[in-house]
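[1] Sequence first, then the predicted structure, then my questions.
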Amino acid sequence: MDGFDLLCDLTESHGPVGFETEPRELVVDELDGHVDRLRTDPMGNVVGTVESDGDGPELLIAAHMDEIGFMVRHVDDDGFVRVSPLGGWNPEILRSARVRVHADAGEDPIDGVIGAIPAHVRDTESEQDVEDVAIDLGLDGETAHERVAVGDVVTMRAPTERIGECVSGKALDDRAGVWAVVRAAARADPDATVHYVATTQEEVGLRGAEGVGVDIDPDVAIAVDGTLERAVPGVDAADRVTTLGGGVAIKRKDATVVPTPAVVDRLEALADDRGVPFQREVAANIGTDTGALQTAAGSTPVGAVSIPVRYHHSTVETAHVDDLAATVDLLVAVAEAGAAGLWPGGADAATVDGDDRPSKS
């Protein structure tokens with residue numbers, strides 16, 4: 001798989017919500033040399049801009065680089081660490097997990113585990129909640145108190161590896177999207193202004209994207225994220241959303257957005273023109289940065305491109321290598337089409353289905 005090492009670096013880096021330093025440094029390194037201007041903002045978002053020669057409409061392509069994690073809320077006298085979630089966890093996947101505590105004040109991170117109740121004594125009726133999680137650092141209480149403090153953040157530890165025609169690991173949601181954006185930035189040759197963006201704090205309310213959308217106020221915005229893939233035993237076909245190996249997904253709706261129909265149509269036309277396999281996505285119960293970008297600075301035409309990911313929000317998130325490649329191919333086409341090619345009339349479009357729409361300044 002072309003670019004596999006970079007994907008491993010991104011997914012295996014540790015960057016929970018609000019603490020995205022490691023993946024941000026990787027993104028900056030990858031964008032450097034492929035954009036005309038590179039900056040970070042106070043929220044930690046990365047913006048790499050390819051400048052056009054004129055004053056034409058501007059396109060923004062974004063993916064979020066934060067991952068779900070935890071924050072330490074208590075260290076008990078026996079050395080066990082209790083946590084509060086950063087993002088949405090399924091408690092079932094936390095048993096027997098390997099974790100890393102990122103200590104403040106420049107201390108080295110501390111590896112630990114979340115234990116599991118042995119089958120011999122486990123009550124089959126019991127259920128685990130995130131607030132019940134206890135991290136075992138292998139330290140006594142005094143040492144644990146010296147090295148870990150309330151407010152330290154915790155991430156999962158897991159390798160990224162090839163399995164069959166797929167890639168599996170942690171944080172493919174949405175480091176795979178970030179990977180696709182930076183790979184597209186390296187390949188595309190746009191004629192218009194394009195902002196390649198890696199956002200922060202998506203997992204707790206699309207916060208980074210909202211700030212970026214106000215700062216840049218693009219004429220068209222495209223968000224790239226993982227989407228549900230549930231083509232597994234026990235799930236009805238109607239509930240599977242997407243299929244691994246079926247191509248990049250072009251979103252029609254999710255819980256936070258109905259993308260602009262004209263932009264959606266253009267995304268599908270670009271995929272057809274470039275021979276990029278794609279599938280349509282209608283999702284519930286998930287949201288993406290697209291929702292924030294659509295309204296952050298008023299009314300903005302938006303589209304959403306998704307990578308099918310199986311076993312979402314776990315340490316074994318799984319994506320098909322063909323879908324990853326298709327995502328990059330479509331984003332290259334999107335960048336080279338520019339905002340004017342994605343929205344009829346570009347920045348001068350004045351109507352949507354007969355309703356007045358003021359041009360963006």
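    Okay, I see it.
[2] Show me how the record splits the protein into domains.
    4-67+170-356, 69-156 (automatic domain parsing).
[3] So which of those domains is the most surrounded?
    domain 4-67+170-356 (a mean of 21; mean count of other Cβ atoms under 10 Å). C-beta here means a position set from N, CA and C on the backbone, and glycine is covered the same way.
[4] in the stretch 101-250 of the chain, which spans are strands?
    110-114, 134-136, 153-156, 161-163, 166-169, 194-199, 220-229, 248-253 (DSSP state E, counting those that start in this stretch).
[5] which residues sit against the fourth one?
    Same thing as strand 161-163. Applying Cβ atoms under 8 Å, 6 or more residues apart in numbering, the external contacts of strand 161-163 come out as 1, 4, 167-169, 318, 321.
[6] Let me know the closest of those residues to Asn45.
    Closest to Asn45 out of the contacts of strand 161-163 is Gly169 (23.7 Å), distances taken as Cβ to Cβ.
[7] which residues pair with the closest one across the strands?
    Glu317 (DSSP bridges).
[8] Pull the contacting residues for it.
    Contact partners of Gly169, counting by Cβ under 8 Å, 6+ apart, are 8, 11-12, 158-161, 315-317.
[9] Report all helices and strands that the longest helix belonging to the chain contacts.
    Longest helix in the chain, counting residues (DSSP state H): helix 321-342. With contacts taken as 3 or more Cβ pairs under 8 Å, 6 or more residues apart in numbering; DSSP states H and E, helix 321-342 sits against strand 59-64, strand 166-169, helix 172-187, strand 194-199, strand 220-229, strand 248-253, helix 261-274, strand 302-310.
[10] ok now the shortest one, how far from the chain's centre?
    In other words, strand 166-169. Centre-to-centre, strand 166-169 and its host chain are 15 Å apart (Cα atoms, centre = their mean, to the nearest Å).
[11] CA-only coordinates of that strand in CSV, if you can.
    C-alpha atoms of strand 166-169 as CSV (Å, rounded to 0.1, in the frame of the first residue of the first chain):
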residue,chain,number,x,y,z
CYS,A,166,-7.4,-3.9,4.9
VAL,A,167,-5.6,-1.8,7.4
SER,A,168,-6.5,-2.1,11.1
GLY,A,169,-5.5,0.0,14.1
